[in-house]
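Student: after the sequence you'll find the predicted model.
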Amino acid sequence: MSRTVIIDPVTRLEGHGKITIMLDDGGAVENALFHVTQVRGFERFSEGRPYYEMPSLMARVCGICPVSHLLASAKACEAIMSVRIPHTAAQLRRVLNLAQLLQSHALSFFYLASPDLLLGMESDPTTRNVLGVAAATPVLGKAGVALRRIGQTIIELLSGKRIHTGWVVPGGVTEPLTAEKRDSILALLPEALRDTQMALAAYKQIADKFKQEIEVFANFPSNYLGMVDSDGSAVYTDGNLRLIDQAGYTIEDDISAIRVTQVFGEAVEPYSFTKFPYYKPLGYPDGCYRVGPLARLNIVANMGTDCADKELKEFKQLSKGPVESSFFYHHARLVEMLYAIEMIERIMADPKILDKHVKAAAGVNRLEGAGHAEAPRGVLHHHYKVDENGKIVWANLMIATGHNNYAMNRGVLQAARAYVKKGKFTEGALNRIQAVVRTFDPCLSCSTHAYGQMPLNVELLNSDGEIVDRLVQG
Amino acid sequence: MSPDSDVKTLTIDEREVSARAGQTVLDVARENEIPIPTLCHLEGLSDVGACRLCLVEIAGSPKLLPACVTTVQEGMQITTDSERLRKHRRTILEMLFAERNHVCSVCVANNHCELQSMAQSMGLTHIRLPYRNAAYDVDASHIRFTVDHNRCILCQRCIRVCAEIEGAHVWDIMNRGTNCLVITDLKDDWGASTCTSCGKCVEVCPTGALFNKARVGSPHPKKPEFLPYLNLMRNA
C-alpha cells in the first residue's frame, strides 16, 4: 500500500513550510515535495501606492532581511528616477547590507543550524535547540548571540532602527553618519571577527562527522547565480549578476536588474506558493539554479579581503569545480561573515564616509525600473512599473528562496531516499530531511521566527488518506 | 456695551471661570489649562466642529455639544471629562480608524501624527468595529506634494487654511458619508489645479494624508505654528 508522510510545519526555518514524502507499495520513497504554504500578496496590494513609499512598504516582506528589500526596492525606484545616488550614500548602504548579512547568517548558523551540527542530528529533540547549544558549548552560544547583536547594532547605529528602518529612501539615505557612530561601529568589529573565526574553526572540526549528510544534502550538479563585481570579486549591493554552469563556466554574465525578467522566467507548481525561477534559454527545470552563500562562493574569483580570501581558497579546495553539496552552505555562510566584518571596517575608513550629501532628488523620469541586491539567502530582485505620477501599476519580486526552490525540492527528495527505508523513518531521519532545507536558510515569510522547539506533527497516510501513524512533538 | 455683559462666568469641571462673550467653550477651557481633545481644531483657523472629539456635557442639555463651536453663556455648567464622554470619544476615534486605512508602520507621518498620538493618549489598543478596508485614491500628480485619501480624517484643516490664510480656496469637499473627499478645484488633479504650492495644507494636516514627497522616509513633523503668527501679522 502506498503511503504519504507529511512533515508540517518544518521547524527552525523563517516562516511556515511543509514536506510531503510519498512512499510506493514497497515503502520506498517515490517522491518528496517541499511546500510553502502561505501567500502574501505584496505585489498586488502595492499597486496604486506612490513609488517612493515602496522601500518601507516592501521591507515588511521580511523581518530578518528587510535591509535587502529596502535596497532592492530603493534601487528599482532610483531606476525610475534615473538618478545615481551620492557615493557616501552608496557606501553607507553597503555597510547596512553587510551588517544584515552578519546578523542573518549568525541567526541561521547559531540559532537554526548549530543544534544539528553541534549536538547531532539524532540528539534529544527536546534540547536540540539554541538553548541546548548554549548549555553544551557556552562559548559558541555566547558568540552566536553576540554576532547577531553586533549586526543588529550596526544596523541601528546607521539607520536608527534594528528592523524596518525608513533610512533607505529612493535617492540615497535620509541621514549621514556621525563620527561618534562610526567609532561605535568600528569598536564592535574586533569581537565580531574573533567570534566568527572561532565559529569557523569549530565548524571545520565537526564537518568531518557529517560525511553521510554531505553526500545526500542536496548534493547534485546545478547552475549557480550570484552578484559579482566587474573584476570577479564578491559584491553584495551594487553589481550585476553572473550565472555559471555545473562545471563553473559562465553561461551569462553582467545581467543588470532590468534584464533579469528577460533572462529568467518563473514557473509555477501547484503544490507551492513560491515560484520556481529558471534561466529561459535552458527552460524549466533544466535552467534552475542555486543562489545564496554557496552559489556566491562558487562564482566569485576572490572575496577582496584578507581573512575571507584565505578561507575562500580553502573552500574552493573542497571540490574541483563548484562545491555541490548544500551542506556547505553553512561553511560558506561563515566565510561571508568574515568578509562582512572586514569589508565594514574597510568602508568605514573611506575618507568621504561622513559626507553630509547622502541623497539625490528627482521625480519620475522612466515608467519602469528594476533593482537587485544580494540578500543573505541569495539574489533579491524588485521590478516596478509606474504611471506618469509615480503610482505603482505593476510590481514583481523574485526572492532568494524562490531561486532555490527547485534545488530545495530536489534536496528533500535526495535525503528522503537516503533516510527513509522500507517505509520506516526515525525522528533523526525526519530531522535530517528538514535539515536539508535548513542548509538553504530559506526565508518563507517574516511573520514567524522559529525559536527553540516548535510543534511538529508528522502523519503517515495510507492511499485512502487515513492516518495510520502519527508522531507529535513540542 | 457694559463691562458686565461682556464677561460671562461659568463652571468647567466644577471650577469657576470667567470668559469674554463670544468665546468658545474650548477657548476658555484651554485658557484655564483644562484639556479637551481635538483633531479638527487648529489655533489660527476658524472652527467647523468636524471631528466631534471635543464634545462636552452642559447641564440642562440632553445633547453633547462640541466645545469648539459652542459659545459660552452666563452660568453654564460644563463637564469635559466623564465616563460617557470618554466612551463617545473612544468610539469616534475607533470609527476614524475603521473607516479608512491608517496603518502607521508605513505611513510617512508615523510618530508625527495627531491621530496616532490621540489614540495613544486614550489608550486605544484595538478597534472593536470591523475595518472597512476600502481603497481610496492617491493623487500624486503635484510635483511636491501627495494626497493619500486613505489617511484622511476629513478634518477640513486643508480647506480652511487654503481659503482663510492663503486665500486661494483650492481645497474643498465633495460627497457625503464614506464617499466624502477633500478635492482640489472641481476635483481636478492636484498637479493640474490652481494650487499655489505654498504647502500650508501639508503643514496643518494632522495625519499623513497630505505630505511632502521629499520627506518620505525622514521624520515628517508638521509645523502648524505659523498660523497664529500669520494672523497676527495680518491684523497688525
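Tutor: Yes, it's here.
Student: return stretch A:337-351 as CSV; C-alpha atoms alone will do.
Tutor: Once non-C-alpha atoms are left out, stretch A:337-351 reads as follows in CSV (Å, rounded to 0.1, in the frame of the first residue of the first chain):
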residue,chain,number,x,y,z
MET,A,337,30.5,36.7,7.9
LEU,A,338,34.3,37.1,7.9
TYR,A,339,34.1,39.1,4.7
ALA,A,340,31.3,41.3,6.0
ILE,A,341,33.2,42.3,9.1
GLU,A,342,36.4,43.0,7.2
MET,A,343,34.6,45.0,4.5
ILE,A,344,32.6,47.0,7.0
GLU,A,345,35.9,48.1,8.6
ARG,A,346,37.3,49.0,5.2
ILE,A,347,34.3,51.1,4.1
MET,A,348,34.3,52.9,7.5
ALA,A,349,37.8,54.1,6.6
ASP,A,350,36.5,55.8,3.4
PRO,A,351,37.5,59.5,3.8
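Student: residues of that stretch that come out buried?
Tutor: Of the residues in stretch A:337-351, those with enough neighbours to count as buried (16 or more other C-beta atoms under 10 Å in any protein chain shown) are A:337-345, A:347-348, A:350. (Each C-beta comes from the backbone N, C-alpha and C, glycine too.)
Student: just these now: which is nearest chain B?
Tutor: Lowest distance from chain B to the buried residues of stretch A:337-351 (C-beta to the nearest C-beta) belongs to residue A:347, with 21.6 Å.
Student: following the strand or helix carrying that closest one, which helix or strand comes up?
Tutor: Residue A:347 belongs to helix A:329-348 when elements are defined using DSSP states H and E. On the C-terminal side of helix A:329-348, the nearest following helix or strand under DSSP H and E is strand A:368-375.
Student: can you spell out which helices and strands pack onto that next one?
Tutor: Using 3 or more C-beta pairs under 8 Å, 6 or more residues apart in numbering or on different chains; DSSP states H and E, the elements in contact with strand A:368-375 are helix A:66-81, helix A:87-106, strand A:223-228, helix A:260-263, strand A:378-386.
Student: again, 6 Å this time
Tutor: The helices and strands touching strand A:368-375, judged by 3 or more C-beta pairs under 6 Å, 6 or more residues apart in numbering or on different chains; DSSP states H and E, are helix A:66-81, strand A:378-386.
Student: show me the residues around the residue in the stretch 301-450 of chain A that chain B sits nearest to that make contact.
Tutor: Residue nearest to chain B within the stretch 301-450 of chain A (C-beta to the nearest C-beta): residue A:389, separated by 4.2 Å. By C-beta atoms under 6 Å, 6 or more residues apart in numbering or on different chains, the residues touching residue A:389 are B:140-141.
Student: excluding covalently adjacent residues, which one is nearest to residue 109?
Tutor: No chain in the question, so chain A it is. Computed as C-beta to C-beta, 6 or more residues apart in numbering or on different chains, the closest residue to residue A:109 that is not its neighbour in sequence is residue A:333, at 5.5 Å.
Student: to clarify, I was referring to chain B.
Tutor: Computed as C-beta to C-beta, 6+ apart, the closest residue to residue B:109 that is not its neighbour in sequence is residue B:208, at 3.3 Å.
Student: center of the chain - which residue?
Tutor: This is for chain A. The centre of chain A sits closest to residue A:377, judged by C-alpha atoms, centre = their mean, with a distance of 1.1 Å.
Student: my bad, the chain I had in mind was chain B
Tutor: Here the mean C-alpha position of chain B is nearest to the C-alpha of residue B:40 (C-alpha atoms, centre = their mean), at a distance of 1.2 Å.
Student: could you check how far it is from residue A:105?
Tutor: Note on residue B:40: its distance to residue A:105, by C-beta to C-beta, to the nearest Å, is 51 Å.
Student: which residues touch stretch A:431-445?
Tutor: If you take C-beta under 6 Å, 6+ apart as the criterion, stretch A:431-445 is touched by A:10, A:12-17, A:36, A:38, A:62, A:64, A:108, A:112-113, A:116, A:121, A:217-218, A:326-327, A:329, A:377, A:401, A:404, A:408, A:411-412, A:415-416, A:419.
Student: need the buried ones from these selected in PyMOL.
Tutor: Below is the selection syntax for PyMOL that covers the buried ones among the contacts of stretch A:431-445, with 16+ other C-beta under 10 Å defining burial:
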select buried, chain A and resi 10+12+13+14+15+16+17+36+62+64+108+112+113+116+121+217+218+326+327+329+377+401+404+408+411+412+415+416+419
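Student: longest helix anywhere in chain B?
Tutor: Longest helix in chain B by number of residues, with DSSP state H as the criterion: helix B:83-99.
Student: contacts for that one?
Tutor: Residues from elsewhere that reach helix B:83-99 (C-beta under 6 Å, 6+ apart): B:52-53, B:55, B:119, B:122, B:124, B:127, B:129, B:131-132, B:153.
Student: try stretch B:35-45
Tutor: With C-beta under 6 Å, 6+ apart as the test, stretch B:35-45 has contacts from B:26, B:29, B:47, B:50-51, B:53-54, B:67-68, B:80, B:114, B:155, B:157, B:160, B:204, B:206, B:224, B:227-228, B:231.
Student: name the helix or strand for whatever residue of the stretch 201-350 of chain A ends up closest to chain B, please.
Tutor: At 17.8 Å from chain B, residue A:237 is the closest residue in the stretch 201-350 of chain A, using C-beta to the nearest C-beta. Taking DSSP H and E as the definition, residue A:237 sits outside all helices and strands.
Student: residues near it, how many?
Tutor: By other C-beta atoms under 10 Å in any protein chain shown, 22 other residues sit near residue A:237.
Student: what residues does the stretch 101-250 of chain A have near chain B?
Tutor: Residues of the stretch 101-250 of chain A that fall close to chain B, judged by C-beta under 6 Å from any C-beta of the partner chain: A:166, A:169, A:174.
Student: pretty sure the residue nearest to residue B:109 contacts residue B:150?
Tutor: No. Contact between residue B:208 and residue B:150 fails when scored by C-beta atoms under 6 Å: they sit 9.2 Å apart.
Student: about what we covered before: look at the residue nearest to the centre of chain B and tell me its secondary structure.
Tutor: For residue B:40, the reduced secondary structure class is coil; criterion used: DSSP: H, G, I helix; E, B strand; the rest coil.
Student: so what pLDDT did it get?
Tutor: The pLDDT attached to residue B:40 in the predicted structure is 97.
Student: quick one: low-confidence parts of chain B?
Tutor: B:1-5 (pLDDT under 70).
Student: and the helices in the stretch 101-250 of chain A?
Tutor: A:114, A:130-136, A:138-159, A:179-207, A:211-216 (DSSP state H, counting those that start in this stretch).
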